[in-house]
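# how does the following fold in three dimensions:
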Amino acid sequence: MLRSMSTSLTSRRRPPASPLPTDPAGRELMAKFYRALGDPTRLDLLEFCAEDERTGNECVERAGLSQGRVSAHLACLVSCGLVSVRRQGRFAYYRVTDPRVAELVGIGQGVVADHAASIAACIRVASPV
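Here you go, the predicted structure:
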């Protein structure tokens, strides 16, 4: 009986996260993750949606862009699994799916604060137009 209970408990546990492969496919996946973060509007929306669940209208107001542009940015974040969307009636509610994403954005803010001059002077990485 103890064996069946432990099997039952084990089957309910979340499987451990797989380590990211260090092969080219794994590195490409990491680069894709960082490209999803690599837009000022998406970073702002991630920070905003990490604080609380937000409506699409709140996101539009926060970003100061057209509804269509904000919707495209949110669709990117949802597609990549960084933000979840909950629909209720006519409204869509967005929130960051994993608190580590918000932590990562915070870490990035700290790194940028410490190295702002070097990053601003970097000519090897294109700035958004």
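
# which residues touch the one residue sitting closest to the centre of the chain?
By CA atoms, centre = their mean, the mean C-alpha position of the chain lies nearest to Leu82, the distance being 3.4 Å. Counting by CB atoms under 8 Å, 6 or more residues apart in numbering, Leu82 touches 36-37, 46, 96-98, 101. Bear in mind the C-beta positions are built from the backbone N, C-alpha and C, glycine included.

# just the residues you listed now: which is nearest Arg62?
Closest approach to Arg62 among those (CB to CB): Leu46, at 11.3 Å.

# that older thread, just the buried members of the contacts of Leu82?
36-37, 46, 96-97, 101 (16 or more other CB atoms under 10 Å).

# mind checking which of these are in helices?
Among the buried ones among the contacts of Leu82, the members falling in helices are 36-37, 46, 101 (criterion: DSSP state H).

# now the residues you listed as JSON lines including pLDDT and distance to Met30?
Shown next, in JSON lines, are those (pLDDT from 0 to 100; distance: CB to CB, whole Å):
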{"residue": "Ala36", "pLDDT": "95", "distance to Met30": "11"}
{"residue": "Leu37", "pLDDT": "94", "distance to Met30": "11"}
{"residue": "Leu46", "pLDDT": "97", "distance to Met30": "17"}
{"residue": "Val101", "pLDDT": "94", "distance to Met30": "14"}
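
# burial count for His73?
When neighbours are counted by other CB atoms under 10 Å, His73 registers 23.

# in which helix or strand does it reside?
Assessed by DSSP states H and E, His73 sits inside helix 67-79.

# buried set for that helix?
70, 73-74, 76-77.

# what of stretch 45-56?
45-50, 54, 56.

# what does stretch 23-41 give?
For stretch 23-41, a neighbour-count test (16+ other CB under 10 Å) marks 33, 36-37, 41 as buried.

# sorry, back to before: for the residue nearest to the centre of the chain, give me phi and psi.
phi -90, psi -20 (degrees, to the nearest 10).
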